[in-house]
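Peer 1: Based on what follows, work out the 3D shape:
(2 chains)
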Amino acid sequence: MTELGDLVKHLRKNRGLTLQATSGRWSQSSMSRFENGEIDLTDDVVKELAIPLGLDYEDLITRNILRESSINRWEYLASEQWHTEAARDLLSNLKQLQVENARNDLLKTAITVVSELLDVHAQHRRIMHDDVVRTLNDYLSKLSEFSRIDGILFSVCTEYVPVQIGWRWVLHQIRMLEPAGNMQATPQRIRRVISFCGTVAERAALEGRLTLMQSIVDEMYRLKTYIPENANQQFSMAISRALCVDLTERTVVSHDKFVAVLKTSHYIFPTDVHRSMVQYTIEQGWATAEDFADDPLI
Amino acid sequence: MSDAFDMPAFLKQFRSERGITLKAAYPEAPSTLSRMENNKNTISADRLHEIMTREGLRYWDLQVHSDQFISPFKQLFDELVLERFNFESPRIGEAINRYRIRVADRSSKILSITAAVLNQITLMIKTRNVIKLDEKMQSQIEALLLSNDDWIFYDYGLLRLSAQLLDTERLVLCLTKAIRQNSKQSGRYLNYFAMVLEQCCLILVMRHYSGVHALCEDHLSKLRVDYFDGLDAIVLNFILMQERICDAELRANQVSDLVSAAKLLELNDMANFLERIDKAIQTGKEIVLL
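Peer 2: Numbers count the residues shown, from 1 in each chain, chains lettered A, B, ... in the order given. Predicted coordinates:
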């Protein structure tokens, strides 16, 4: 942990503090030995130094001083960021964490999901196998609250799961946000659930379940009233609603509105994400290449 | 968030809900973990990390439940980001109070600087005027940031919060330092650097500082590609429009397209913000921008 010792020493001097000011419940000589890498006080070091030095857990995680986890490539499982190599690495890391003859449903579920995602992408499938959905369903339905990783497993699967099941999972999430009908969750959690709704709404569109899609969109707009304005959620809601209206009404007006909303994505997302969204929409037959003839980025 | 967070009980429930046995979580010494979960002993940080990895538990999950895993300044800053630095929101008022309570019985240079910045911001909100910090406080902030060769989250956060409270010359020096730090740290703090760059550029553009383009354009364009937050992306686009275009009519058209896009998505706060700041740039009158 010399790296942490160096950082603390550097910051202490930069902040013009004495050993006395930072040592807290340790002796000054322990603190000095810690700074020089002679002893390890990592257990409580952040708690103790957060205030005088302005140090946070995130600094230690960002700098790999505190290795949050040997498995950190989860974000590449999302379809818009899919990365086969990263998924394979993740799978092998997960397998290494398993302990023989000891039950770990989290690892079992994660391994099942990542393997299935590798197959889904290799075979260009649009749906996951029933037994995988069942494994995930059994795991998720036991939880009183999704952790970060549970949320990732859930969201990367939702688009490959029949809308009926995916929506049941999301409704369970919404109920957890509002015990006894009272909204108690933090805005961060509400935002995540709105994003989940967006994924399920898209799945409803793929299955042509437009009435269900409409109720999902309504739910997104209801949840939005509890959070500060945010572009990603707002885009997700606007695009779901415009698509739902266009698939239902199929008029020139509804279609123009849908295309106009989709075009705003180039102000919000990086160019390649904007481009892949447009291409995906064209592949689904929800818009045509002509609709984007005036878009210089397409 | 509860003050009386029972970490052992949380760990026990987290593990059992996920169908993870003691042995699967900590094969080296399952009974040690069991005693820890029942509050009978502690476990070293390194061991705890191994257990957390096998359980799929992250610091983020702990932060959701307890103050003890997030520093007072970071907790305040996260709330500010969530509310887009809208200091008039009641949630921000609560967050500032919580911050003050958490640091109440401690003292250090960075605490007095942070307190001065928060007081000045409160004053600006009240008077709706841009009021810079006094010379002495400004030079303390400058000295702190310029002398640190390994910025942590706090340093980026401090510059983001105090940008408008600094004279242009000092602001440019601190921003230049932030840009160098971001390159030196290979973008490890990219999210926070992005917020710093966005805020400093808006203020410098509003102050008609002529060097913004040379100093920032490459970094702004790069962020448009690497950085992933929708509202910030809109603002980055806005700044790039101000910088790139000399033709006033073309510039006005582009800004108006951007505002229309925000309105189409019902991003009404953002649309208002862009219109207000665009007017401030046109008229050369600096508005409060926190």
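Peer 1: Double-check that B:Arg106 belongs to a strand.
Peer 2: No. Under DSSP: H, G, I helix; E, B strand; the rest coil, B:Arg106 falls outside any strand and is assigned coil.
Peer 1: What residues does it make contact with?
Peer 2: A:Ile51, A:Pro52 (C-beta atoms under 8 Å, 6 or more residues apart in numbering or on different chains). C-beta: built from backbone N, CA, C; applies to glycine.
Peer 1: wait, doesn't B:Met241 sit right on B:Asp257?
Peer 2: No. Checked against C-beta atoms under 8 Å, the pair B:Met241 and B:Asp257 is beyond contact range at 9.3 Å.
Peer 1: Which one's more surrounded, the two?
Peer 2: B:Met241 (19 against 14; other C-beta atoms under 10 Å in any protein chain shown).
Peer 1: gap between the closest residue to chain B within the stretch 151-298 of chain A and A:Lys142?
Peer 2: For the stretch 151-298 of chain A, the residue closest to chain B is A:Ala231, as judged by C-beta to the nearest C-beta, at 2.6 Å. With distances taken as C-beta to C-beta, to the nearest Å, A:Ala231 is found 34 Å from A:Lys142.
Peer 1: Compare neighbour counts for these two and give me the winner.
Peer 2: Using other C-beta under 10 Å, the more surrounded residue of A:Ala231 and A:Lys142 is A:Ala231, with 22 against 11.
Peer 1: Identify the residues contacting that one.
Peer 2: Applying C-beta under 8 Å, 6+ apart, we find A:Ala231 in contact with A:Ile268, B:Asp229, B:Gly230, B:Leu231, B:Ala233, B:Ile234, B:Leu265, B:Leu267, B:Met270.
Peer 1: Can you turn the buried part of those into a PyMOL selection?
Peer 2: Typed into PyMOL, the line below selects the buried ones among the contacts of A:Ala231, using 16 or more other C-beta atoms under 10 Å in any protein chain shown:
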select buried, (chain A and resi 268) or (chain B and resi 229+230+231+233+234+265+267+270)
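Peer 1: of all the contacts of A:Ala231, which two lie farthest apart?
Peer 2: B:Asp229 and B:Leu265 (14.5 Å; C-beta to C-beta).
Peer 1: Please identify the buried residues of the helix or strand hosting B:Asp46?
Peer 2: Secondary-structure assignment from DSSP states H and E places B:Asp46 in helix B:45-55. Neighbour counts over helix B:45-55 (16+ other C-beta under 10 Å) mark B:Ala45, B:Arg47, B:Leu48, B:His49, B:Glu50, B:Ile51, B:Met52, B:Thr53, B:Arg54, B:Glu55 as buried.
Peer 1: ok so, going back, now the contacts of A:Ala231 in JSON lines, with secondary structure?
Peer 2: Conversion of those to JSON lines gives the following (three-state DSSP):
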{"residue": "A:Ile268", "secondary structure": "helix"}
{"residue": "B:Asp229", "secondary structure": "coil"}
{"residue": "B:Gly230", "secondary structure": "helix"}
{"residue": "B:Leu231", "secondary structure": "helix"}
{"residue": "B:Ala233", "secondary structure": "helix"}
{"residue": "B:Ile234", "secondary structure": "helix"}
{"residue": "B:Leu265", "secondary structure": "coil"}
{"residue": "B:Leu267", "secondary structure": "coil"}
{"residue": "B:Met270", "secondary structure": "helix"}
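Peer 1: Give the full set of residues in contact with the residue nearest the centre of chain A.
Peer 2: The residue lying closest to the centre of chain A (C-alpha atoms, centre = their mean) is A:Ile152, at 5.2 Å. Residues in contact with A:Ile152 (C-beta under 8 Å, 6+ apart) are A:Trp74, A:Glu75, A:Leu77.
Peer 1: same check, this time on B:Met241
Peer 2: With C-beta under 8 Å, 6+ apart, B:Met241 has these contacts: B:Arg251, B:Gln254, B:Val255, B:Leu258.
Peer 1: and residue 159, what does it touch?
Peer 2: Just so you know, I chose chain A. Applying C-beta under 8 Å, 6+ apart, the residues near A:Glu159 are A:Ser79, A:Gly166, A:Thr199, A:Glu202, A:Arg203.
Peer 1: my bad, chain B
Peer 2: B:Leu145, B:Cys174, B:Leu175, B:Ala178, B:Val196, B:Cys200.
Peer 1: thought the fourth one was touching B:Asn148?
Peer 2: Spelled out, it's B:Ala178. No. The criterion here is C-beta under 8 Å, and B:Ala178 misses it with B:Asn148 at 10.9 Å.
Peer 1: What parts of the stretch 101-250 of chain A come near chain B?
Peer 2: A:101-108, A:110, A:139, A:142-144, A:147-150, A:186-189, A:228-232, A:234-235, A:238 (C-beta under 8 Å from any C-beta of the partner chain).
Peer 1: Drop the exposed ones from the residues you listed and show what's left.
Peer 2: A:102, A:104-108, A:110, A:139, A:143, A:147, A:149-150, A:186, A:189, A:228-232, A:234-235, A:238.
Peer 1: Adding distance to chain A and pLDDT, write the buried residues of helix B:45-55 out as CSV.
Peer 2: Listed next are the buried residues of helix B:45-55 as CSV, based on distance: C-beta to the nearest C-beta, whole Å; pLDDT from 0 to 100:
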residue, distance to chain A, pLDDT
B:Ala45, 5, 75
B:Arg47, 10, 84
B:Leu48, 9, 86
B:His49, 6, 83
B:Glu50, 9, 87
B:Ile51, 11, 92
B:Met52, 7, 91
B:Thr53, 5, 90
B:Arg54, 5, 93
B:Glu55, 7, 94
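Peer 1: ok, the nearest residue to B:Gln185 once chain neighbours are set aside to B:Cys216 distance?
Peer 2: Nearest residue to B:Gln185, sequence neighbours excluded (C-beta to C-beta, 6 or more residues apart in numbering or on different chains): B:Trp151, at 7.1 Å. Using C-beta to C-beta, B:Trp151 is found at 18 Å from B:Cys216.
Peer 1: so which of the contacts of A:Ile152 is the most crowded?
Peer 2: Each of the contacts of A:Ile152 was scored for neighbours by other C-beta under 10 Å, and A:Leu77 scores highest at 23 neighbours.
Peer 1: so who does the closest residue to it other than its chain neighbours touch?
Peer 2: Counting by C-beta to C-beta, 6+ apart, A:Leu77 lies nearest to A:Val156, which is 4.4 Å off, once chain neighbours are set aside. Contact analysis of A:Val156 by C-beta under 8 Å, 6+ apart lists A:Leu77, A:Ala78, A:Ser79, A:Val113, A:Leu117.
Peer 1: Give me the phi and psi for A:Val156.
Peer 2: Here is the backbone geometry of A:Val156 (degrees, to the nearest 10): phi -70, psi -20.
Peer 1: pLDDT value on it, please?
Peer 2: We have a pLDDT of 91 for A:Val156.
Peer 1: circling back: redo the contacts of A:Ile152 as a markdown table? Include secondary structure and pLDDT.
Peer 2: Converted to a markdown table, these look like this (DSSP: H, G, I helix; E, B strand; the rest coil; pLDDT from 0 to 100):
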| residue | secondary structure | pLDDT |
| --- | --- | --- |
| A:Trp74 | helix | 84 |
| A:Glu75 | helix | 80 |
| A:Leu77 | helix | 90 |
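Peer 1: Closest to B:Leu190 out of these?
Peer 2: Ranked by distance to B:Leu190 (C-beta to C-beta), the contacts of A:Ile152 are led by A:Glu75 at 14.0 Å.
Peer 1: The residue nearest to A:Gly54 when sequence neighbours are not counted in helix, strand or coil?
Peer 2: Sequence neighbours aside, B:Tyr154 is the residue nearest to A:Gly54 in space, at 3.1 Å (criterion: C-beta to C-beta, 6+ apart). Assigned by three-state DSSP, the conformation of B:Tyr154 is helix.
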